[in-house]
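>>> This is a predicted model, with the sequence first.
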Amino acid sequence: MSGYLAGLNPEQREAVEAVDGPVLVLSGAGTGKTRVLTTRFAHILLTGRAAPGEMLAVTFTNKAAREMRERVAGLLGRPVDGLWLGTFHALGARMLRRHAEAAGLRRDFAILDTDDQLRVLKPVMEELRLDPKRAPPPAALALIQRWKDRGVAPDRLGAAEQTEFASGRMAEVYARYQQRLAALNAADFGDLLLHMTDILRREPAALAAWQRRFRYLLVDEYQDTNVVQYLFLRLLAQAHRNICCVGDDDQSIYSWRGAEVGNILRFEQDFPGARVIRLERNYRSTAPILAAAAGLIAHNEERLGKTLRPAGKEGAGEQVLVVSLWDSDEEARMVGERIAALRAEGHRLAEIAVLVRAGFQTRAFEERLLALAIPYRVVGGLRFYERAEIRDAVAYLRLLARPADDLAFERIVNVPRRGIGEGTLATLRQAARARGEPLAVATAAAIAAKQIPPRARETLGHWLHDLDRWREIEAREGPVVALSAVLEDSGYLEMWRRDPSPEAPGRVENLRELGRALAEFETLAAFLDHVSLVMENEAENGDDKLSLMTLHAAKGLEFDTVFLPGWEEGVFPNQRALDESGTKGLEEERRLAYVGLTRARTRAIVSFALNRRIYGNWQSNAPSRFLDELPADEIRREGSSAFRRAAARREPVVFLDRAPLTALRSSVPERVAPRPRPAEAVGVGARVRHERYGLGTVRAAEAGRLEIEFDEGGRKRILDGFVTPA
DNA sequence: AGGTTAGTAATTTTT
DNA sequence: TTACTAACCT
């Protein structure tokens, strides 16, 4: 048999060779999922079942797509051309460009990021006279995105979708937002698949053509698919049914982004006769870590069921360490010291990670690491293309490529400062709207007609002239030369060079990096798509640095040593997740804990602090219930001396014996009471208590936001997680 | 137009 | 605590 199948275990091999018909591969953490995926891909090509262009392979991240592409090329011994391999969004965009007219767009439609989306949505909501305080545009955008995730276009908004939010006018907001997007020849991320799925549903010819093309479908991280993605896949698969989905229901942690665990749970019903293959041999972690993770996740009800087993020698490895700390400062110190000790023993920092529930928790660790001179990197902050300077530069390029791109125009018309204020801009918008022309055209007209102040007339006149000149440069000498001309002549680069802030030099460097990235592309249009859909974070340099990141950001990664701090009720599981989503929320939090533990190869150090400083004030928390769910045999407990002293004053030393850690709950004065309260319980008229404002009556409630009239006077808008029933 | 200050709210974020 | 905004002054 072919060499590429040789190193696979029986289940992996089964997953590779089960080529025809629907297949669900349940692959636990560290069970060789990527290997199976890529080998299967290569297997289909090598056995001549399909040509490269006849397979559709979908991932969620560009990183995963790139890895798959490289490894398939490795297996085949040559780079493969013509693959339809990429993220849902990139593939959706690629397909949609061929059907743009059917979606009411032109082929060169722009793909919008969040900034642009808000730039479109805000005026829509203003026009409808919606109070941005009561109905914040970002919240409205989130609602629209959830609809899009579920495949609900404005014309499919049923009565069931009614929401109190924005005085019940969200349907109108959504419809107008979509109209504006069409008018701007733009699609947001959600549209890429929404439009494409709509087209596949509406146009049998298009559907048949795509079905004929894609003979085999391969889907990564299936547990994270949302409804549109599911519909998209099902439409494409329904003719030949050669669909293979790989995923792990225990690692579904993105429900708040529209992911439906239900998709993977329902697979066998959706695709009758499906084969389900479980990959349970774990090649990553030691036996105690796996046993701890397995014991924890076993507390979830909603799962297909699967138990990780160590692939190698049984029983080897250290227990998971659970450390009790008195407060969050002490926790940061403990983590810092242990990292320093590991480093002194010769462990590489790049093999150590600190994984937290929420971004704000990283700060305490950063301070300690700085003090200890331990190099670290916070993973998952702003992505490269989200940086202001990159967005600005890209907006210039967009305006060169598409003179009618009003969103780009608005972003940079006054960057660097050209003395164009809200007043002038309002005049221009109005002129553009009245004439039905793009802002750039309307601006030229407004200058000629002297509708704007002399000063603005002059600078804008020059600017428009410059834009034309840059376009000529682009046509003559290519995008790279044009970009440097733009950045120099517009004064944009000079603006950052003169900026005294410490991050300014980095921004200049980022712009240089943008130039290097641009050089890789033939056309500006190709580059612009790349920027919106594919552009990566700064190249991860090979420096030996500790990683600091959220649990979400850690999915898919692995480290020798993993620190898991902040296992406290309210923090992890996160209170808001519990309040908003009840048991489902708790189960997702538990999956997050499972993801965290399974990142560790040889060492996992879980910790909790009884007192934590959050937003400047101290709060006492009970140890996380997840601690009690770790099988006692697989963990070893330790307490700091400060903890021991403090705990001893209240109760016998709890942490040394096997009493549940949560026994501490009764021993700690709980300033913040646990809130096992379903969100619906707080309705209009309910009496509630707020930590700061005291008692009050709920006057309005929508989407988890309450408007409360407090007895002490004043109406305030409060998130429902911040009040308790009175 | 643009900078300054006071008030307010506070997960997770693959594209 | 910080970060963001909206109102307010120059």
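Structure's in. What do you need? Residues are numbered from 1 along each chain as shown, chains lettered A, B, ... in the order given.

>>> What distance do you get for residue A:37 to DNA strand B?
Going from residue A:37 to DNA strand B by Cβ to the nearest atom of the strand, to the nearest Å gives 15 Å. (Glycine included, C-beta is placed from N, CA and C.)

>>> How about that residue, nearest residue that isn't a chain neighbour?
residue A:246 (5.7 Å; Cβ to Cβ, 6 or more residues apart in numbering).

>>> Identify the residue of the stretch 551-700 of chain A closest to DNA strand B, quick one.
For the stretch 551-700 of chain A and DNA strand B, the shortest gap (Cβ to the nearest atom of the strand) falls at residue A:577, measuring 2.9 Å.

>>> For residue A:340, give me its contacts.
Neighbouring residues of residue A:340 by Cβ atoms under 8 Å, 6 or more residues apart in numbering: A:372, A:374.

>>> Relative to DNA strand C, how far out is residue A:560?
31 Å.

>>> Any regions of chain A where pLDDT drops low?
A:1-2, A:313-315, A:535-541, A:642, A:644-683, A:690-694, A:701-706, A:711-726 (pLDDT under 70).

>>> Would you point out which residue of the stretch 401-550 of chain A is nearest DNA strand C?
Residue of the stretch 401-550 of chain A nearest DNA strand C, by Cβ to the nearest atom of the strand: residue A:422 (9.8 Å).

>>> rewinding a little: tell me which helix or strand the residue of the stretch 551-700 of chain A closest to DNA strand B sits in.
Assigned by DSSP states H and E, residue A:577 belongs to helix A:575-597.

>>> can I get the CA coordinates of that helix in PDB?
The C-alpha coordinates for helix A:575-597 follow below in PDB (Å, rounded to 0.1, in the frame of the first residue of the first chain):
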ATOM      1  CA  GLN A 575     -20.700  34.900  35.100                       C
ATOM      2  CA  ARG A 576     -22.100  36.500  32.000                       C
ATOM      3  CA  ALA A 577     -21.900  33.300  30.100                       C
ATOM      4  CA  LEU A 578     -23.900  31.600  32.800                       C
ATOM      5  CA  ASP A 579     -26.400  34.400  33.100                       C
ATOM      6  CA  GLU A 580     -27.000  34.700  29.400                       C
ATOM      7  CA  SER A 581     -26.900  31.100  28.400                       C
ATOM      8  CA  GLY A 582     -27.600  29.000  31.500                       C
ATOM      9  CA  THR A 583     -26.600  25.400  31.200                       C
ATOM     10  CA  LYS A 584     -25.500  25.700  27.600                       C
ATOM     11  CA  GLY A 585     -23.300  28.500  28.700                       C
ATOM     12  CA  LEU A 586     -21.800  26.500  31.500                       C
ATOM     13  CA  GLU A 587     -21.200  23.600  29.200                       C
ATOM     14  CA  GLU A 588     -19.400  25.800  26.800                       C
ATOM     15  CA  GLU A 589     -17.300  27.200  29.600                       C
ATOM     16  CA  ARG A 590     -16.400  23.600  30.500                       C
ATOM     17  CA  ARG A 591     -15.400  22.900  27.000                       C
ATOM     18  CA  LEU A 592     -13.200  25.900  27.200                       C
ATOM     19  CA  ALA A 593     -11.500  24.500  30.300                       C
ATOM     20  CA  TYR A 594     -11.100  21.200  28.400                       C
ATOM     21  CA  VAL A 595      -9.500  23.000  25.500                       C
ATOM     22  CA  GLY A 596      -7.100  24.700  28.000                       C
ATOM     23  CA  LEU A 597      -6.000  21.500  29.700                       C
END
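
>>> and the stretch 551-700 of chain A, which residues reach DNA strand B?
Residues of the stretch 551-700 of chain A lying close to DNA strand B (Cβ under 7 Å from any atom of the strand) are A:552, A:553, A:555, A:574, A:576, A:577, A:580, A:581, A:585, A:589, A:615, A:616.

>>> Could you check stretch A:557-569 and say which residues are buried?
A:558, A:559, A:561, A:562, A:563, A:564, A:565, A:566, A:567, A:568, A:569 (16 or more other Cβ atoms under 10 Å).
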